[in-house]
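Student: kindly generate the corresponding structure for this input.
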Amino acid sequence: MKGRQRPPVLIVGAHRSGTTATARALELLGLQIGQHLDSHRESRPLQKLHEDYLQRVGAAWYNPQPFLRWMGTAEGKQDCSSWGWKEPRTTLFAPAWLEIFPEARIVHVVRDTHAAASSIRERELNFQAVGDPPTPNLADLDYCAQLVQTYLTAGERLAASPNYQRLQFEELQLNPPAILEQLGNFCELLVATRDLANAAASIRPARVRSTSS
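Tutor: As a prediction, the model looks like this:
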């Protein structure tokens with residue numbers, strides 16, 4: 001509607017769950033993701049905003065439980081909502097953002113738990129191999145799976161919102177044109193045929209898993 005500011009689209013989901021690919025495809029369909037983005041299409045200022053608050057309550061993206069307990073209290077919810085984009089930590093903070101933007105559209109990207117957990121662990125081991133300090137617990141595949149499940153549960157809390165859309169990333173990989181057309185309509189984007197083709201081409205197909213393990 002002319003003259004009316006459109007509510008934001010919040011792309012949420014666990015780390016390594018396909019949120020980057022989804023955000024990149026939506027950009028190609030015309031969604032304005034923002035400025036000062038990193039290689040994962042995440043806003044650096046928003047990362048810092050989320051991480052600073054997580055640290056304040058003794059939490060981190062890889063250890064969200066202290067924050068979730070704090071947000072479960074009336075005091076915590078009020079405190080978090082008073083300060084104030086694809087950024088996985090948004091999954092944890094989404095209830096607070098919805099207090100600010102109640103009409104926001106939520107795209108909840110979900111990936112197979114084992115695949116997402118394995119990717120988190122693989123990335124962590126690669127970081128350590130080049131000399132980065134270890135992130136607590138991320139070399140443990142079971143912990144990574146529990147972490148993915150925590151983000152999944154946090155994202156599913158938003159399903160009661162009338163503007164919630166769950167996106168299974170493997171389905172997007174199988175049929176990018178159809179799924180992205182549905183997603184573009186959900187985000188109220190005017191999707192041109194050429195843009196849809198470019199967006200669909202940006203989605204990598206799923207890796208073929210070995211059946212021997």
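
Student: got any ranges where the protein has weak pLDDT?
Tutor: For the chain, the stretches with pLDDT under 70 are 1-5, 34-36, 81-84, 208-213.

Student: strands of that one, start to end?
Tutor: Per DSSP state E, the chain carries strands over the ranges 9-12, 105-110, 164-168.

Student: deepest of those, which one?
Tutor: Greatest average neighbour count among the strands of the chain goes to strand 9-12 (a mean of 26), per mean count of other Cβ atoms under 10 Å. Using the backbone N, CA and C atoms, a C-beta is placed for each residue, glycine as well.

Student: what would the strands of the chain look like in CSV with distance to residue 180?
Tutor: Converted to CSV, these look like this (distance: least, Cβ to Cβ, whole Å):
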stretch, distance to residue 180
strand 9-12, 13
strand 105-110, 11
strand 164-168, 10
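
Student: for those, which one sits closest to residue 70?
Tutor: strand 9-12 (18.8 Å; Cβ to Cβ).

Student: and the contacts of the closest one?
Tutor: 19, 22-23, 26, 31, 85-86, 88, 90-91, 94, 97, 104-109, 155, 158, 187 (Cβ atoms under 8 Å, 6 or more residues apart in numbering).

Student: any idea how far residue 85 is from residue 79?
Tutor: For residue 79, the distance to residue 85 (Cβ to Cβ, to the nearest Å) stands at 21 Å.

Student: which one's more surrounded, the two?
Tutor: Neighbour tally, residue 79 and residue 85, criterion other Cβ atoms under 10 Å: the higher count belongs to residue 85, 21 against 16.

Student: so who does that one touch?
Tutor: Counting by Cβ under 8 Å, 6+ apart, residue 85 has contacts 8, 10, 11, 33, 34, 42, 43, 46.

Student: farthest pair in these?
Tutor: Across the contacts of residue 85 (Cβ to Cβ), the longest gap, 14.4 Å, separates 8 and 42.

Student: could you check which of those two is surrounded by more residues?
Tutor: Remark: of residue 8 and residue 42, residue 42 carries more neighbours, 23 against 17, as counted by other Cβ under 10 Å.

Student: nearest residue to the more buried one other than its sequence neighbours?
Tutor: Among residues not flanking residue 42 along the chain, residue 87 sits closest, at 4.8 Å (Cβ to Cβ, 6 or more residues apart in numbering).

Student: got a list of what that neighbour touches?
Tutor: 42, 43, 46, 47, 50.

Student: highest neighbour count among the residues you listed?
Tutor: That'd be residue 42 among the contacts of residue 87, by other Cβ under 10 Å, with 23 neighbours.

Student: so which residues of this structure form helices?
Tutor: Along the chain, counting by DSSP state H, helices occupy 19-28, 44-56, 65-71, 74-81, 90-100, 113-129, 141-156, 169-174, 176-186, 193-201.

Student: between the ones you listed, which one is nearest to residue 163?
Tutor: Closest among these, using Cβ to Cβ: helix 176-186, at 8.4 Å.

Student: could you check the angle strand 105-110 makes with that closest one?
Tutor: Counting by axes from the mean of the first three to the mean of the last three Cα atoms, to 10 degrees, helix 176-186 lies at 150 degrees to strand 105-110.

Student: name the residues of helix 176-186 that are buried.
Tutor: For helix 176-186, the neighbour count (16 or more other Cβ atoms under 10 Å) marks 176, 179, 180, 181, 183, 184, 186 as buried.
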